[in-house]
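A.B. asks: 3D model of this:
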Amino acid sequence: MMLHFSLHSTFPPGHHQTMLLHLPFPSNSATSFRLFSCLHRSPDNASAAAAAAAGNSSPDHPVLRTHNSKSTSLLRRHLSPQAPEPSPIPNQLDIPPQDRIELLETSLSAKRRPQFPGSIYAGSPSDADGGASSRPPPRTLFRDGTDGDEEMIVRAIEIRRKVTAEILKGAMRKGKFGITYIDNLVERVPAFIDWVMIEAAAMKRLPEFVESSFNVRAKAVVQDSNFVPLIRWLKHNSLSYPQIGKLICMSRGNLESIRQFAEWLKSTNVKGRFVGVALMKAGDNILERGTDELDEMVQYLEDNGVRREWMGYVVSRSPQLLSYSMEEVKSRVAFYLDMGMNENDFGTMVFDYPKALGHFTMEEMNQKVHYLKEFGLNIEEVGKLLAFKPQLMSCSIDDRWKPLVKYLYYLGISRDGMRRMLVIKPMIFCLDLEKVIAPKVLFFRDIGIRDDAIGKMLVKFPPLLTYSLYKKIRPVVIFLMTKAGVTEKNIAKVIALGPELLGCSIANKLEISLKYFLSLGIRVRQLGEMIADFPMLLRYNVDILRPKYRYLRRTMVRPLEDLIEFPRFLSYSLEGRIIPRHVVLVENRINMKLRYMLAGTDEEFEQRVKDAVERRHNFESRVSSKNLSNSFILDQQLERTAVGYTQTEITYSNSQESELFYCSDSVDSSSSDEHRSSSLLH
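C.D. replies: You can find the predicted model right below:
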């Protein structure tokens with residue numbers, strides 16, 4: 001339906017000009033009217049206007065509007081000759097900006113201002129002549145060749161956008177969505193609103209939509225795009241309205257591609273909310289790729305060690321991988337395989353940290369590999385390191401690695417020490433220096449450990465830096481000082497020599513070992529000294545300690561003080577060292593302290609046994625020669641006192657006594673020799 005405006009303007013006498021403007025109007029309106037302006041200053045024109053308003057109709061002066069009596073009386077009063085002369089029509093180029101905007105909104109807005117019978121509204125479609133005298137037709141809003149046209153065109157587009165947004169909201173309201181959800185979602189689809197506007201304008205060329213209004217065409221575009229059903233489906237798949245809005249804008253009007261890609265993600269075992277994450281982070285061009293190309297990529301990864309059941313996890317954690325071309329994916333896979341990884345290592349690495357394959361650029365990956373090689377690692381060792389801890393790829397060289405290396409250097413750790421820390425616990429190079437590492441080093445300093453000892457301690461036990469300071473390290477230190485008997489003087493020594501203690505569980509390890517030693521009769525103070533001498537004492541399993549202690553007490557017949565003096569006895573193997581060396585001592589009839597019995601190599605132990613046997617023989621020989629000299633002196637005394645005995649009787653008597661004395665003395669000497677040798681060795 002076309003709406004016709006006719007405007008009569010004031011010109012010099014004898015001239016009369018009519019401006020006719022054709023504007024589109026909703027087809028359901030049957031209103032067609034003409035606007036007349038009777039602003040001639042001559043009384044004839046005023047009388048004619050009054051007569052026309054009074055109802056004196058004629059073929060030349062038709063009745064222009066019909067209202068109730070009140071509005072008609074107001075019009076008559078306004079057009080009466082006694083009324084003040086109306087102001088001349090303003091220049092078309094001097095329309096106030098606010099009036100121009102109102103006229104534009106009136107002509108383009110889908111919603112008209114509400115009218116009621118008898119109302120007078122300037123410019124209203126139901127007001128045939130009320131607004132013509134004060135407002136020019138909308139064609140004067142655009143000036144030929146002036147800067148104001150661009151501003152008004154932009155304003156017109158904004159009005160069209162608002163109209164399209166209202167159409168989308170209306171379609172969603174019919175789909176039973178909430179008002180707040182509708183408003184939030186429509187605000188996030190500006191690109192789709194523009195697409196609907198363009199498609200609706202293009203439909204004007206189609207024969208069936210030639211006479212249709214913009215609203216009708218826009219509603220047809222929204223319905224054909226399945227906008228509302230797609231939103232409901234995405235919402236059912238746990239996508240939030242910001243994600244839905246971004247996806248709709250990414251689709252560029254092809255909403256069906258969103259559903260197709262989401263179904264493909266589900267076929268690769270992408271679960272739950274990760275469907276939305278993959279849709280959002282896969283890249284702007286992901287909706288333009290075909291499923292055949294994506295299937296080829298998945299098959300290539302599966303051929304190189306990434307299992308089919310892992311694919312959903314890999315895609316959901318690194319969806320950027322799907323936006324790469326097949327050549328790019330092959331180059332990334334070859335980057336790791338060329339470092340000596342086999343298919344199993346590569347597949348496990350991708351499963352452990354999918355971002356290592358698809359998140360970083362090739363330039364970043366090459367820089368990090370080159371930096372790791374500066375610690376003395378070859379390319380194969382770097383490959384093993386990345387296969388074990390691919391999270392290293394997420395660390396920044398300038399922000400994380402270089403400050404950490406400088407900090408460790410000032411603790412006295414050499415490059416070889418850093419290499420050992422990197423190989424044993426590569427996670428250290430992923431920790432934050434200021435928030436994680438520095439507070440732990442400061443705590444070690446506070447308990448009395450020197451910087452050089454801290455460096456040696458970290459090299460000896462690198463996992464120490466990965467433990468929580470307040471949940472792991474401090475509680476163990478407090479336990480050792482309050483319950484295990486370690487003094488404040490010895491706590492630094494205990495931690496420096498046995499940093500592995502800080503990794504033990506208090507409830508499951510330390511308390512159990514503590515109760516076992518106390519049950520043996522060891523006092524808390526003695527146990528603290530034992531821990532200071534051998535900090536690893538509390539780390540051993542009680543089931544392994546029991547047989548060793550039983551053998552010490554029952555078979556070796558050693559006192560408890562020997563264990564307190566040498567707690568390292570419990571660290572040696574019962575079958576491999578304790579029993580074999582004890583048998584050697586028994587066979588050679590010698591005894592020695594536990595420290596000399598167990599410490600050292602087998603060659604050193606054999607030498608100690610030989611020396612002990614030799615000392616025993618020397619001692620026995622000295623005792624035997626002394627007994628012989630004592631027997632000769634006794635014989636001489638018997639000869640001098642044996643008066644009245646024959647020579648034969650004296651000789652027999654002397655020989656019997658000497659033999660008995662010698663035998664008795666030799667037995668006592670043997671036992672005394674063993675006792676003395678044992679005391680000397682101790």
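
A.B. asks: ranges for the helices of the stretch 101-250 of the chain?
C.D. replies: 148-174, 179-186, 190-202, 214-224, 227-236, 241-251 (DSSP state H, counting those that start in this stretch).

A.B. asks: Run through this structure and note the low-pLDDT ranges.
C.D. replies: Applying pLDDT under 70 to the chain flags the ranges 1-149, 272, 283-284, 623-682.

A.B. asks: thinking again about what came up before, could you single out the most deeply buried of the helices of the stretch 101-250 of the chain?
C.D. replies: Ranked by mean neighbour count, the helices of the stretch 101-250 of the chain are led by helix 241-251 with a mean of 21 (mean count of other CB atoms under 10 Å). Yep, even glycine has a C-beta here, placed from its N, CA and C like the rest.

A.B. asks: how deep is residue 477 tucked in, by neighbour count?
C.D. replies: Using other CB atoms under 10 Å, residue 477 is surrounded by 19 other residues.

A.B. asks: so how far is residue 463 from it?
C.D. replies: Noted for residue 477: a distance of 17 Å to residue 463, by CB to CB, to the nearest Å.

A.B. asks: Same question for residue 411.
C.D. replies: Residue 411 is 17 Å from residue 463, by CB to CB.

A.B. asks: Could you do residue 323 as well?
C.D. replies: Here residue 323 is placed at a distance of 38 Å from residue 463 (CB to CB).

A.B. asks: One more: residue 416?
C.D. replies: On the measure of CB to CB, residue 416 and residue 463 end up 18 Å apart.

A.B. asks: Equivalent analysis for residue 429, please.
C.D. replies: 13 Å.

A.B. asks: ok, those two, which is more surrounded?
C.D. replies: residue 429 (20 against 16).

A.B. asks: Contacts only, for the more buried one.
C.D. replies: 392, 395, 400, 401, 404, 422 (CB atoms under 8 Å, 6 or more residues apart in numbering).

A.B. asks: wait, which of the residues you listed is closest to residue 437?
C.D. replies: Nearest to residue 437 among the contacts of residue 429, counting by CB to CB, is residue 404 at 7.1 Å.

A.B. asks: Pretty sure the closest one sits against residue 433.
C.D. replies: Yes. Applying CB atoms under 8 Å as the test, residue 404 and residue 433 come out as touching, 5.3 Å apart.

A.B. asks: which of the two has more neighbours?
C.D. replies: The neighbour comparison of residue 404 against residue 433 (other CB under 10 Å) goes to residue 404, with 21 against 16.

A.B. asks: Which one, of the helices of the stretch 101-250 of the chain, ends up nearest to residue 580?
C.D. replies: The nearest among these, by CB to CB, is helix 241-251 at 70.7 Å.

A.B. asks: before we move on, which element is residue 545 in?
C.D. replies: Taking DSSP states H and E as the definition, one finds residue 545 inside helix 542-550.

A.B. asks: and that helix, what does it pack onto?
C.D. replies: helix 511-519 (3 or more CB pairs under 8 Å, 6 or more residues apart in numbering; DSSP states H and E).

A.B. asks: Check which element follows the helix it packs on along the chain.
C.D. replies: Using DSSP H and E, the first helix or strand after helix 511-519 is helix 524-533.

A.B. asks: so that next one versus helix 511-519, what angle?
C.D. replies: Helix 524-533 and helix 511-519 are oriented at 120 degrees to each other (axes from the mean of the first three to the mean of the last three CA atoms, to 10 degrees).

A.B. asks: helices or strands up against helix 524-533?
C.D. replies: Counting by 3+ CB pairs under 8 Å, 6+ apart, helix 524-533 packs on helix 488-497, helix 511-519, helix 560-565.

A.B. asks: Now do the buried residues in the longest one.
C.D. replies: Residues 490, 491, 492, 493, 494, 495, 496, 497 are the ones in helix 488-497 that count as buried (16 or more other CB atoms under 10 Å).

A.B. asks: neighbouring contacts of that helix?
C.D. replies: 444, 447-449, 453-454, 456-457, 477, 480-481, 486, 501-502, 528, 531-532, 535.

A.B. asks: Let's see that with 6 Å instead.
C.D. replies: The contact list for helix 488-497, computed with CB atoms under 6 Å, 6 or more residues apart in numbering, reads 447, 448, 449, 453, 457, 481, 486, 531, 532, 535.

A.B. asks: before we move on, what SS does the second one have?
C.D. replies: Secondary structure for residue 448, judged by DSSP: H, G, I helix; E, B strand; the rest coil, is coil.

A.B. asks: From residue 502, how far out is it?
C.D. replies: From residue 448 to residue 502 the distance is 15 Å (CB to CB).

A.B. asks: neighbour-wise, which of those two wins?
C.D. replies: Ranked by neighbour count (other CB under 10 Å), residue 448 and residue 502 place residue 502 first, with 21 against 15.

A.B. asks: That one belongs to a helix?
C.D. replies: Yes. Counting by three-state DSSP, residue 502 is found in a helix.

A.B. asks: Compute the distance between it and residue 341, please.
C.D. replies: For residue 502, the distance to residue 341 equals 34 Å [CB to CB].

A.B. asks: Same check on residue 371?
C.D. replies: The value you get for residue 371 to residue 341, if CB to CB is used, is 19 Å.

A.B. asks: And those two? Which one has more around it.
C.D. replies: Neighbours around residue 371 and residue 341, counted as other CB under 10 Å, are more numerous at residue 341. The numbers are 22 against 16.

A.B. asks: Tell me where the stretch 551-682 of the chain has helices.
C.D. replies: 560-565, 579-587, 594-598, 602-641, 647-681.

A.B. asks: and the shortest one, C-alpha only, in PDB?
C.D. replies: These are the backbone C-alpha positions of helix 594-598, laid out as PDB (Å, rounded to 0.1, in the frame of the first residue of the first chain):
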ATOM      1  CA  LEU A 594      77.800 -51.600  64.100                       C
ATOM      2  CA  ARG A 595      79.400 -48.500  62.500                       C
ATOM      3  CA  TYR A 596      82.500 -50.500  61.400                       C
ATOM      4  CA  MET A 597      80.600 -53.600  60.700                       C
ATOM      5  CA  LEU A 598      78.100 -52.200  58.100                       C
END
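
A.B. asks: Now do it: everything it contacts.
C.D. replies: 562, 566, 569, 572, 581, 608.

A.B. asks: Name the nearest of those relative to residue 252.
C.D. replies: residue 572 (75.0 Å).

A.B. asks: in what helix or strand does residue 262 lie?
C.D. replies: Using DSSP H and E, residue 262 falls within helix 256-267.

A.B. asks: for the following helix or strand past that helix, packing partners?
C.D. replies: The helix or strand immediately downstream of helix 256-267 is helix 274-281, counting by DSSP H and E. Judged by 3 or more CB pairs under 6 Å, 6 or more residues apart in numbering; DSSP states H and E, helix 274-281 is in contact with helix 241-251, helix 256-267, helix 311-317.

A.B. asks: Of all these, which one is nearest residue 473?
C.D. replies: Comparing those by CB to CB, helix 311-317 comes nearest, at 31.7 Å.

A.B. asks: follow-up on the earlier one: the helices and strands packed on helix 274-281: which one's closest to residue 162?
C.D. replies: helix 241-251 (17.4 Å).

A.B. asks: I'd like to know which of the contacts of helix 488-497 is nearest to residue 376.
C.D. replies: Using CB to CB, the contacts of helix 488-497 come closest to residue 376 at residue 457, 21.7 Å.

A.B. asks: Skip the chain neighbours and tell me the closest residue to the closest one.
C.D. replies: residue 499 (4.8 Å; CB to CB, 6 or more residues apart in numbering).

A.B. asks: Can you name the residues that contact that neighbour?
C.D. replies: 457, 461, 464.

A.B. asks: From residue 511, how far out is it?
C.D. replies: Remark: distance between residue 499 and residue 511 (CB to CB) = 20 Å.

A.B. asks: Tell me who's in contact with residue 211.
C.D. replies: With CB under 6 Å, 6+ apart as the criterion, no residue contacts residue 211.
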